[in-house]
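# Fold the stuff below for me.
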Amino acid sequence: MSTRTLSIGCEFVHQSRFDIPTVFQVEPRADQDVEVVESGWTFEPDVATTVYADVYGNPCRRTTISAGRSVIGYHATVVVPDAVEDADEDAPEIAPQDLPDDVLIFTLPSRYALPDVLGKEAWNRFGSVEPGYRRVQAICDYVNSHLTFQYGSSTPRSTAADVHASGYGVCRDFTHLAVSLCRALNIPARYVFGYLPEIEVDVKPSPMDFAAWMEVYLGDRWYTFDPRNNERRKGRVLIGRGRDAGDVAMATTFGSPYLEKMEVVAEDKAA
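Numbers count the residues shown, from 1 in each chain. Got it, this is the predicted structure:
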């Protein structure tokens, strides 16, 4: 299989009155078809770090945002398949009683994904659609057309129900809404986020950011769906999986440092 080599990474510049304990989730998960060729962190000023895996298996790095001005960066060179994600339009839904035990949690409500609130909406719109992969795609089509992407249109407290009512959101909101509609139909769906370079897509170059999408359990495996972009893409590098964005924050701070600047890189090194 042919491959591509990507540069990925991020940098955070903070100002703080105090040292702030922090957990970063910005490194690729190991259980994906991505080879990390080299990687490293930079810290100004220098601080100690430790690594652990959370309850979802996501790699987490504990460290400290130092008092004053701090610059924390992560960079990596990775090799990924030169191919879009798998798809199978005949992949079936699995009845709740037949789902694996560890998949059931992704049918339940969570902080931002509200299948109980959006259940009537989901069944009215998609209850008569052919179950399986095509029904999930219909949900993505609806979310993609219903929501308008707009920075600043939602807040860290906005739920799937909030953005469905407003009609505006960012990629995490598109994902929360699609996840909620799937779960309302008893289709397991989990929130994921990572790096997404703009490879072979007909879009204007845009400032890079972390991207959110979802994985849906059909047949005997998880499939990738992207309600924000609504197309299969090359070069996804997965950082975290969870019930919703609350489980996979790129930075969890035990205090309130001021984020002065954040930069994200995800690009094809051959471009």
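
# The closest residue to Asp116 other than its chain neighbours: how many residues sit nearby?
Of all residues not flanking Asp116 in the chain, Pro109 sits nearest, at 5.1 Å (Cβ to Cβ, 6 or more residues apart in numbering). Bear in mind the C-beta positions are built from the backbone N, C-alpha and C, glycine included. Neighbour count for Pro109, taken as other Cβ atoms under 10 Å: 19.

# Now do the SS call for Pro109.
Secondary structure for Pro109, judged by DSSP: H, G, I helix; E, B strand; the rest coil, is coil.

# is it true that it touches His176?
No: contact between Pro109 and His176 fails when scored by Cβ atoms under 8 Å: they sit 11.4 Å apart.

# can I assume His176 sits in a helix?
Yes: counting by three-state DSSP, His176 is found in a helix.

# need the contact list for it.
112-113, 159-160, 163, 191, 244-245 (Cβ atoms under 8 Å, 6 or more residues apart in numbering).

# Who wins on neighbours among the residues you listed?
Ala113 (32 neighbours).

# Would you mind measuring from it to Leu177?
According to Cβ to Cβ, to the nearest Å, Ala113 stands 8 Å off from Leu177.

# Common neighbours of the two, please.
With Cβ under 8 Å, 6+ apart, Ala113 and Leu177 have common neighbours Ala160.

# quick check: domain ranges of the chain?
Split into domains by automatic domain parsing, the chain comes to 3-82+250-268, 96-247.

# Export these as CSV, with columns for mean pLDDT.
Formatted as CSV, the domains of the chain follow (pLDDT from 0 to 100):
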stretch, mean pLDDT
domain 3-82+250-268, 97
domain 96-247, 95
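
# Identify whichever of those lies nearest to Asp90.
domain 96-247 (6.8 Å; Cβ to Cβ).

# so which strand or helix has Gln137?
Using DSSP states H and E, Gln137 sits in helix 133-146.

# For that helix, which helices and strands make contact with it?
In terms of contact count using 3 or more Cβ pairs under 8 Å, 6 or more residues apart in numbering; DSSP states H and E, helix 133-146 is assigned the packing partners helix 119-126, helix 171-184, strand 211-218, strand 221-225.

# okay, these, which one's buried deepest?
Mean neighbour count (mean count of other Cβ atoms under 10 Å) peaks for helix 171-184 among the helices and strands packed on helix 133-146, with a mean of 28.
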